[in-house]
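Student: sequence first, then the predicted structure, then my questions.
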Amino acid sequence: EAGVTQFPSHSVIEKGQTVTLRCDPISGHDNLYWYRRVMGKEIKFLLHFVKESKQDESGMPNNRFLAERTGGTYSTLKVQPAELEDSGVYFCASSQDLGSSSYNEQFFGPGTRLTVL
Amino acid sequence: GNSVTQMEGPVTLSEEAFLTINCTYTATGYPSLFWYVQYPGEGLQLLLKATKADDKGSNKGFEATYRKETTSFHLEKGSVQVSDSAVYFCALRGRDTGRRALTFGSGTRLQVQP
């Protein structure tokens, strides 16, 4: 079974440009999460999809970030326009839905390293 | 809000040495606690977890005990191997059933030398 995949693995762009990151979750996983690790600091939550709906977007830093999950399958995270402080590693994770009383293990992708110059 | 604090790295050990990576947390109620590991070039993998006080999570020779009185979840291994070299992240998930986001620490890089 394929794991969570992310594309691209690396992206280098200039300030003001637009970048779109893609995440393909494990097949059948309704829950999809985006996280970000900046400058070797803690990994921070960005948002959580359940199927195509945004369940929790409390971690999105500002309106330059737009996440979508069309059809409840893969997800994209667009940064427009990119700023220097957006540099970091963006992780995607997915999980099944076993009910709120159970821990639904989050399976992570390898991340996309974004560098904004 | 929730937060996780873990010791800064890198931690450099010789093979077969004893490992401890400290982790403390701040959270309302009784969160679930986790250790994730990231090997070079790979995504984060769940290493072990504990969901209530005094639970001990264990996997691949690693252990961590949920200590409510000290709000800690320290990671230990009796004898590390070169293959354990990785970045280790302590994390928690709060009891708010409507929110499934994980709160992570800053990660601790472990380097094991032969």
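Tutor: Perfect, thanks for sending it.
Student: quick one: the strands in chain B, in order.
Tutor: B:3-6, B:11-14, B:19-21, B:23-26, B:32-38, B:44-50, B:56-59, B:62-65, B:75-77, B:86-93, B:103-104, B:108-113 (DSSP state E).
Student: please convert the ones you listed to a markdown table, extending it with mean pLDDT.
Tutor: What follows is the strands of chain B, written out as a markdown table (pLDDT from 0 to 100):
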| stretch | mean pLDDT |
| --- | --- |
| strand B:3-6 | 95 |
| strand B:11-14 | 97 |
| strand B:19-21 | 97 |
| strand B:23-26 | 96 |
| strand B:32-38 | 95 |
| strand B:44-50 | 94 |
| strand B:56-59 | 96 |
| strand B:62-65 | 98 |
| strand B:75-77 | 98 |
| strand B:86-93 | 95 |
| strand B:103-104 | 94 |
| strand B:108-113 | 96 |
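Student: what's the closest of the ones you listed to A:Gln106?
Tutor: Among those, the nearest to A:Gln106 by CB to CB is strand B:44-50 (7.6 Å). C-beta here means a position set from N, CA and C on the backbone, and glycine is covered the same way.
Student: so how far is that closest one off the chain centroid?
Tutor: Its chain's C-alpha centre and that of strand B:44-50 lie 8 Å apart, by CA atoms, centre = their mean, to the nearest Å.
Student: tell me which residues in it are buried?
Tutor: B:44-50 (16 or more other CB atoms under 10 Å in any protein chain shown).
Student: with distance to A:Ser87 added, can I get the strands of chain B in a markdown table?
Tutor: Putting those into a markdown table (distance: least, CB to CB, whole Å) gives the following:
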| stretch | distance to A:Ser87 |
| --- | --- |
| strand B:3-6 | 23 |
| strand B:11-14 | 26 |
| strand B:19-21 | 26 |
| strand B:23-26 | 26 |
| strand B:32-38 | 18 |
| strand B:44-50 | 19 |
| strand B:56-59 | 33 |
| strand B:62-65 | 32 |
| strand B:75-77 | 29 |
| strand B:86-93 | 18 |
| strand B:103-104 | 18 |
| strand B:108-113 | 19 |
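Student: select, out of those, the one closest to A:Cys23.
Tutor: Checking these against A:Cys23 by CB to CB gives strand B:44-50 as the closest, at 13.8 Å.
Student: show me what that closest one is in contact with.
Tutor: A:43, A:91, A:93, A:103, A:105-106, A:108, B:32-39, B:56-60, B:62-66, B:73, B:75, B:88-89 (CB atoms under 8 Å, 6 or more residues apart in numbering or on different chains).
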